[in-house]
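>>> What shape does this take:
(2 chains)
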Amino acid sequence: MKRMLTLLALVLILTTASIAYADIARPKPEPSKPAEPRELVHTNIVIVPDSKTFGGARLQLSESTVKELRDALNAGTVGQSFTQRVTHSPANTIVAGVLLFLSVSFAGIWLVRSSGSANSRGQKLVAGALVGLATLGAAAIITQANAGPPPAHFWRNLTKNLDAGKPTNGSMVIEIVPDSVGTKLIMPVPKTANTDD
Amino acid sequence: MERTANLIAWRSARLSERQTRAKHFAATLVACACLSALLAGFVPLQFSILTVFLFAGPHNWFELRYFLTRLPVRFGKSRTFFVTAFVGIGVLTISYLCMPVLSSAGVWSDAAWPSVLATWNTLLLIWLGVLVWLRGKQKSGQTTRRDWFWAIPAALALSSVNWLAPEFFSLAIVYMHPLVALWFLDRHLRRTRPEWLSVYRRCLCLLPLLLAGLIWQLSSTARLADDNGLFWRITQHAGAQLLPNVSSHMLVAVHVFLEMLHYGVWLVALPLIGPLRRSANSRSEAAGYAPAPRATLGRSFWDIKSVPLARHPQGFPKLVSFALLMGLFVVAILWLGFSLDYSTTRDIYFTVAIAHVLAEAPFLLKIL
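Numbers count the residues shown, from 1 in each chain, chains lettered A, B, ... in the order given. As a prediction, the model looks like this:
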């Protein structure tokens, strides 16, 4: 009898819980965030001012760039920046973390084993280098480092060159954006002080 | 008294002769490095095509010969080291060759490629770490106590970094590998021509200057026209796709320059200074080897008996001869392949060449 009562009580509690859970109001749908631009291809572009062209601006793409663009559209992952690749691959980050943990553990064992030896100064140096390496590894994700000067560096003289009728050569990223944004060419030109006033 | 004066005069003459030779050696090194930098800077693609065609195969043959020269007849206490080395070279080479084949067969997707690459790099690093540790264990039994266990945590830390950007790690190997030859030369000079060592190390200071000069001059140049398959392959090999913000002209030039140094060391410097005459001969004779033939450099280099593995009474002269002849045959095949289809042969060569990259590690460790 006692067992029956316990069973009944359990069924009652579970039923109530499921009803209560079902009665929770659905969360309000969050307003959808605008889709982030997807980087597809890194390429070079030369901006050439041409006083003889009357027809309007033209964008000339080399055959290889078009091929690269087509491949990137098909593959989906090509052309992602270093940071994107790191942050978008949690499995790789997990493995990296496990290996770093193992490295620090083995380094600890090594330090403990050899703390009494005469060569401990050199070993401390190597241990310091290992810690530095680990810090660099972590910093690589955080700082969004990229080799070479920042792309904007090549565009710093764009305004002057346009005024002087000279071409300017620099790198460019082709991005895919939602239709509402439209086609834009965004140039990383630094602000100049207004000297008219 | 007169004899003493003669001896002093003879010694000073010999010293000045050695110094002159060291100066000639330094002048040749500097001239070759500067010429390579100039050619790599001005015509990087053409220079790359020419150097790979001419030197890729022969330098591998010279490396094979060098490794055979350094191989003992009996492994003895080095058995574990050599077994680990050869198993590692075999497994890593085969897996490296299989990777593009399996990828093109659709075994894994393009998105999984970086993980596959990272796994291979991790295996490579752990193998290197174990080799360094084993070598340290061997050395601890010889003269001073050396604990090279640090290599294991170092390999694991590098593996961790590799998992964050495997393609960059592979690119680093492409640029670092040519520099290993300079380390070989350093260790070799220390044994055979110690009087040249300080001059050589001073010449090495020129290397960062030349690299800085190349980078400074070419960093803002327009990227190379990689509109045909071959030029595209060369720029990709130098990392143009991975480093889109860096001029591909600069990347190819730096890579070709380093490769040229690598070829120069293996094809010219090491064979010229390499007969291992003074120290190694006396040691090998003490170890039961027959004395090496006393002949001119050119003759002794081609003489099979100059390889200790073939010279030893219990050695393998036929096997060594066969290996070297096969090597020459492969060099001829490579030249034929380059003449018929340069792009495909270049691709195949740079995939198979991983074996010589891997083989350098244990042999370098053995002379440390």
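
>>> how about the strand or helix carrying residue B:126, does it reach chain A?
Using DSSP states H and E, residue B:126 falls within helix B:113-140. Yes. Residues of helix B:113-140 contacting chain A under CB under 8 Å from any CB of the partner chain: B:114, B:115, B:118, B:122. Heads up, the C-betas are built off the backbone N, CA and C, glycines and all.

>>> Format the residues you listed as a markdown table; extra columns: pLDDT, neighbour count and distance to residue A:172.
Listed next are those as a markdown table, based on pLDDT from 0 to 100; neighbours: other CB atoms under 10 Å in any protein chain shown; distance: CB to CB, whole Å:
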| residue | pLDDT | neighbour count | distance to residue A:172 |
| --- | --- | --- | --- |
| B:114 | 86 | 19 | 24 |
| B:115 | 88 | 16 | 29 |
| B:118 | 92 | 25 | 29 |
| B:122 | 94 | 22 | 35 |
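
>>> who in the stretch 51-200 of chain B is up against chain A?
Close to chain A, as judged by CB under 8 Å from any CB, the stretch 51-200 of chain B has residues B:110-111, B:114-115, B:118, B:122, B:145-147, B:149-150, B:152-154, B:156-166, B:168.

>>> Filter these down to the buried ones, PyMOL style.
To isolate the buried ones among those in PyMOL, judged by 16 or more other CB atoms under 10 Å in any protein chain shown, type:
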select buried, chain B and resi 114+115+118+122+146+147+149+150+152+153+154+156+157+158+159+160+161+162+163+164+165+166+168
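
>>> Give me the most central residue, chain B.
A centroid search over chain B (CA atoms, centre = their mean) returns residue B:181, at 4.0 Å, as the residue closest to the centre.

>>> check contacts around the residue lying closest to that one once chain neighbours are set aside.
Nearest residue to residue B:181 in three dimensions, chain neighbours excluded: residue B:265, at 3.9 Å (CB to CB, 6 or more residues apart in numbering or on different chains). Residue B:265 makes contacts with B:181, B:182, B:184, B:185, as judged by CB atoms under 8 Å, 6 or more residues apart in numbering or on different chains.

>>> sorry, back to before: please identify the one among the residues of helix B:113-140 next to chain A that lies nearest to residue B:215.
Proximity to residue B:215 was ranked across the residues of helix B:113-140 next to chain A by CB to CB; first place goes to residue B:114, at 27.0 Å.

>>> any idea how far the closest one lies from residue B:348?
Distance of residue B:114 to residue B:348, computed by CB to CB, to the nearest Å: 23 Å.

>>> Helices along chain A, start to end?
A:2-23, A:63-75, A:82-87, A:90-113, A:120-142, A:158-164 (DSSP state H).

>>> Where does pLDDT dip in chain A?
Along chain A, segments meeting pLDDT under 70 span A:1-40, A:51-56, A:74-89, A:115-123, A:134, A:137-151, A:179, A:181-182, A:191-197.

>>> phi, psi of residue B:78?
Phi and psi for residue B:78, reported as degrees, to the nearest 10, are phi -90, psi 10.

>>> How many residues are close by it?
16 (other CB atoms under 10 Å in any protein chain shown).

>>> Helices - which of the residues of the stretch 51-200 of chain B next to chain A land there?
B:114-115, B:118, B:122, B:152-154, B:156-164, B:166, B:168.

>>> I'd like the contacts of residue B:265 written out as TSV, with pLDDT added.
Shown next, in TSV, are those (pLDDT from 0 to 100):
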residue	pLDDT
B:181	90
B:182	91
B:184	89
B:185	90
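
>>> Mind checking which of those residues land in helices?
Using DSSP H, the subset of those located in helices is B:181, B:182, B:184, B:185.

>>> still on that earlier bit, tabulate the contacts of residue B:265 (a markdown table), appending distance to residue A:131.
Converted to a markdown table, these look like this (distance: CB to CB, whole Å):
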| residue | distance to residue A:131 |
| --- | --- |
| B:181 | 31 |
| B:182 | 29 |
| B:184 | 31 |
| B:185 | 33 |
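
>>> ok, of those, which one's closest to residue A:71?
Nearest to residue A:71 among the contacts of residue B:265: residue B:181, at 35.7 Å, using CB to CB.

>>> give the contact list for that closest one.
The contact partners of residue B:181, taken as CB under 8 Å, 6+ apart, are B:261, B:262, B:265, B:266, B:360.

>>> check which helix or strand covers the first one.
Which is residue B:261. Counting by DSSP H and E, residue B:261 is part of helix B:248-264.

>>> Residue B:324 is in contact with residue B:66, isn't it?
No. Residue B:324 is beyond contact range of residue B:66, at 11.4 Å (criterion: CB atoms under 8 Å).

>>> How far away from the center of its chain is the biggest helix by length in chain B?
Looking across chain B with DSSP H, the single longest helix is helix B:2-42. Put simply, helix B:2-42 sits 24 Å off its chain's centre (CA atoms, centre = their mean, to the nearest Å).

>>> Now do that helix and helix B:248-264, the angle between them.
Angle of helix B:2-42 versus helix B:248-264, following axes from the mean of the first three to the mean of the last three CA atoms, to 10 degrees, is 150 degrees.

>>> Give the other helices and strands that helix B:2-42 contacts.
On a contact count with 3 or more CB pairs under 8 Å, 6 or more residues apart in numbering or on different chains; DSSP states H and E, helix B:2-42 meets helix B:194-204, helix B:206-218, helix B:248-264.

>>> Let me see the contact set for residue B:222.
Neighbouring residues of residue B:222 by CB under 8 Å, 6+ apart: A:44, A:46, A:169, B:247, B:249.

>>> And those residues, which two are furthest apart?
The two members of the contacts of residue B:222 with the most space between them (CB to CB) are A:46 and B:249, at 14.9 Å.
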